[in-house]
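**Q** Okay, sequence plus prediction incoming.
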Amino acid sequence: AMKGPNSGNLDRIQMIKGWVDADGNPHDKIYNVVWSGDRELIKDTGKLPAVGNTVNIADASYTNTIGDGQLMTVWTDPDFDPSVPSFYYLRALEIPTPRWSTYDAKVLGIPPPPGFPPAIQERAWTSPIWYSPHKVKRG
């Protein structure tokens, strides 16, 4: 993935996997597959520490001094079961940038509205890829 020309740098790329078990219960799992910086997954939880935050709320600005302009990797599902139909899609997360209401507050000369986060992490995602087990007809 590459950042947009006027966007925040990239924080991470996640693979989202979904499937339905034999009892008809839906499941999903999020895998952090590649990320910026020298962060490491937390061993107990598999979660990734935050990338950081350069947002200046008063100025409604941020800097691209964290994150990366491009992230790429090759990934293999560590929990793949060839007998289970499933779907996969990628999600790219940017570093935190000011929320639209923070930009508006700056222009209007007022504090950002309460009840809304002053910064957000924009996201983009791919279309899903569907996996269906191959069933061989015999006879």
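**A** Great, that's in hand.

**Q** Based on its surroundings, how many neighbours for residue 101?
**A** Residues within reach of residue 101, counting by other C-beta atoms under 10 Å, total 16. Any C-beta I mention is one placed from the backbone N, CA and C, and that applies to glycine too.

**Q** Double-check it against residue 112; I have them as touching.
**A** Yes. In this structure residue 101 lies within contact range of residue 112 using C-beta atoms under 8 Å: 5.9 Å.

**Q** Quick check: neighbours shared by those two?
**A** Contact criterion C-beta atoms under 8 Å, 6 or more residues apart in numbering; residues shared by residue 101 and residue 112: residue 118.

**Q** helix, strand or coil for the residue nearest to residue 83 when sequence neighbours are not counted?
**A** Distances taken as C-beta to C-beta, 6 or more residues apart in numbering put residue 133 closest to residue 83, at 5.5 Å, once the chain neighbours are dropped. At residue 133 the chain is in coil, as set by DSSP: H, G, I helix; E, B strand; the rest coil.

**Q** What is the neighbour count of residue 133?
**A** A count of nearby residues for residue 133, using other C-beta under 10 Å, gives 10.

**Q** Isn't it up against residue 80?
**A** No. Residue 133 sits out of contact with residue 80 when judged by C-beta under 8 Å, with a separation of 11.2 Å.

**Q** now the helices for this structure?
**A** Along the chain, the segments classed as helices by DSSP state H run 100-108.

**Q** can you pull out the strands in it?
**A** Along the chain, the segments classed as strands by DSSP state E run 10-20, 26-35, 86-94, 97-98, 119-120, 123-125, 129-131.

**Q** To residue 106, which of those lies closest?
**A** The minimum distance between residue 106 and the strands of the chain falls on strand 97-98, with 8.0 Å, by C-beta to C-beta.
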